[in-house]
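J.: give me a model of this one.
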Amino acid sequence: MAEVVIVRDAEAAGELAASVIEQVLRDKPDAVLGLATGSTPLTTYAALAARRPDLAAVRAFALDEYVGLPEGHPQSYRAVIAREAVAPLGLDPAKVRVPGDDGGPLAGAGDRYERAIAEAGGIDVQLLGIGRTGHIGFNEPGSSLASSTRIKTLTEQTRRDNARFFDSPAEVPKHCLTQGLGTILRSRRLILLAFGEAKADAVAGAVEGPVTASLPGSVIQLHPEVTVIVDEGAASRLANAEYYRFAWENRPDLG
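T.: Prediction:
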């Protein structure tokens, strides 16, 4: 079972997620981080940046990237990661990768990204959000639970949700490169964050529903070390919310 922590708001979630990442970095200063984009991880990046950790040796891999945006587009995930994670955290830009950023042909980009992750020793801690369709990364419903990094077509719901970042909905790309569900499961630790009632059904399905390709986020149930951090709105459909609160308040002291 995933460790589920219900917090008051996104800022409290960011502080907790930053604490988990900081502990990983204390144990392994050259850890490999998995970076997510969108609004969900911003409080985590802010909280981690405020702690001013030394990330000079850290390598990082982004979850996904749009296909078809012109180079330098401000909403490409390469630009977003540079703006929202690399600069605030003091990461070395040369050690941060985004799918498809190696200049090679689109065909085979997923395989090359998988090799790069493996050559780095694998991802130590992967940040995740979850979409209203239940997607993690850009693994839309129907994605294989064993999938690796590849090109995917985005659902119209996902494109509508992401349209707020673009000048018009028509500008949102229809395709992406994304780490697969199998890739995500190979990370040593997962932190999934979700905020607001709009995410409540997806969170409940991911944590308590059946493991199914129809709700890709449910694959986290197959991982041995997952922390799910949600606010009250995102937790509102969890059948076992009171148990999760009790378990967190009475977590064993392993020190």
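J.: could you use CA atoms for every contact and neighbour count after this?
T.: Will do.
J.: what ranges do the helices span in the stretch 1-150 of the chain?
T.: For the stretch 1-150 of the chain, applying DSSP state H, counting those that start in this stretch gives helices covering 10-27, 42-50, 77-81, 87-89, 109-119.
J.: distance to T133, mean pLDDT and mean neighbour count added to those, as JSON lines?
T.: JSON lines is the format used below for those (distance: least, C-alpha to C-alpha, whole Å; pLDDT from 0 to 100; neighbours: other C-alpha atoms under 10 Å):
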{"stretch": "helix 10-27", "distance to T133": "21", "mean pLDDT": "97", "mean neighbour count": "18"}
{"stretch": "helix 42-50", "distance to T133": "21", "mean pLDDT": "97", "mean neighbour count": "19"}
{"stretch": "helix 77-81", "distance to T133": "20", "mean pLDDT": "95", "mean neighbour count": "20"}
{"stretch": "helix 87-89", "distance to T133": "30", "mean pLDDT": "95", "mean neighbour count": "17"}
{"stretch": "helix 109-119", "distance to T133": "23", "mean pLDDT": "98", "mean neighbour count": "16"}
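J.: quick one: which of the ones you listed is nearest A206?
T.: helix 10-27 (18.1 Å; C-alpha to C-alpha).
J.: just want the angle from the closest one to helix 42-50.
T.: 50 degrees (axes from the mean of the first three to the mean of the last three C-alpha atoms, to 10 degrees).
J.: so how far is helix 10-27 from its chain's centroid?
T.: Relative to the centre of its chain, helix 10-27 is centred 14 Å away, using C-alpha atoms, centre = their mean, to the nearest Å.
J.: and that helix, what does it pack onto?
T.: helix 42-50, strand 226-231 (3 or more C-alpha pairs under 8 Å, 6 or more residues apart in numbering; DSSP states H and E).
J.: just put those in a markdown table and tack on distance to E197.
T.: Below are the helices and strands packed on helix 10-27 laid out as a markdown table (distance: least, C-alpha to C-alpha, whole Å):
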| stretch | distance to E197 |
| --- | --- |
| helix 42-50 | 18 |
| strand 226-231 | 9 |
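J.: so which of the ones you listed comes closest to A13?
T.: Of all those, strand 226-231 comes closest under C-alpha to C-alpha, at 6.0 Å.
J.: give me the pLDDT for the most centrally placed residue in the chain.
T.: The centre of the chain sits closest to L128, judged by C-alpha atoms, centre = their mean, with a distance of 2.1 Å. Confidence at L128, expressed as pLDDT, is 98.
J.: what's the answer for the one 3 residues further on, then?
T.: At G131 the predicted local confidence, pLDDT, stands at 93.
J.: could you do the one 3 residues further on as well?
T.: G134 carries a pLDDT value of 95.
J.: likewise for G255?
T.: What the model reports as pLDDT for G255 is 58.
J.: for I151, name its beta-bridge partners.
T.: For I151, the beta-bridge partners under DSSP bridges are L177.
J.: pull the number of nearby residues for it.
T.: Neighbourhood size, I151 [other C-alpha atoms under 10 Å]: 24.
J.: do E197 as well
T.: Residue crowding around E197 was assessed by other C-alpha under 10 Å; the count is 16.
J.: quick check: pLDDT value at M1.
T.: For M1, pLDDT reads 71.
J.: show me the contacts for it.
T.: Counting by C-alpha atoms under 8 Å, 6 or more residues apart in numbering, M1 touches 221, 224.
J.: go again using 10 Å as the cut-off
T.: 207-208, 220-227 (C-alpha atoms under 10 Å, 6 or more residues apart in numbering).
J.: do the same with L215
T.: Residues near L215 by C-alpha under 10 Å, 6+ apart: 131-136, 139-143, 202-203, 205-206, 209.
J.: would you list the buried entries among those?
T.: 131-136, 139-141, 143, 202-203, 205-206 (16 or more other C-alpha atoms under 10 Å).
J.: pLDDT below threshold where in the chain?
T.: The model of the chain has pLDDT under 70 over residues 254-255.
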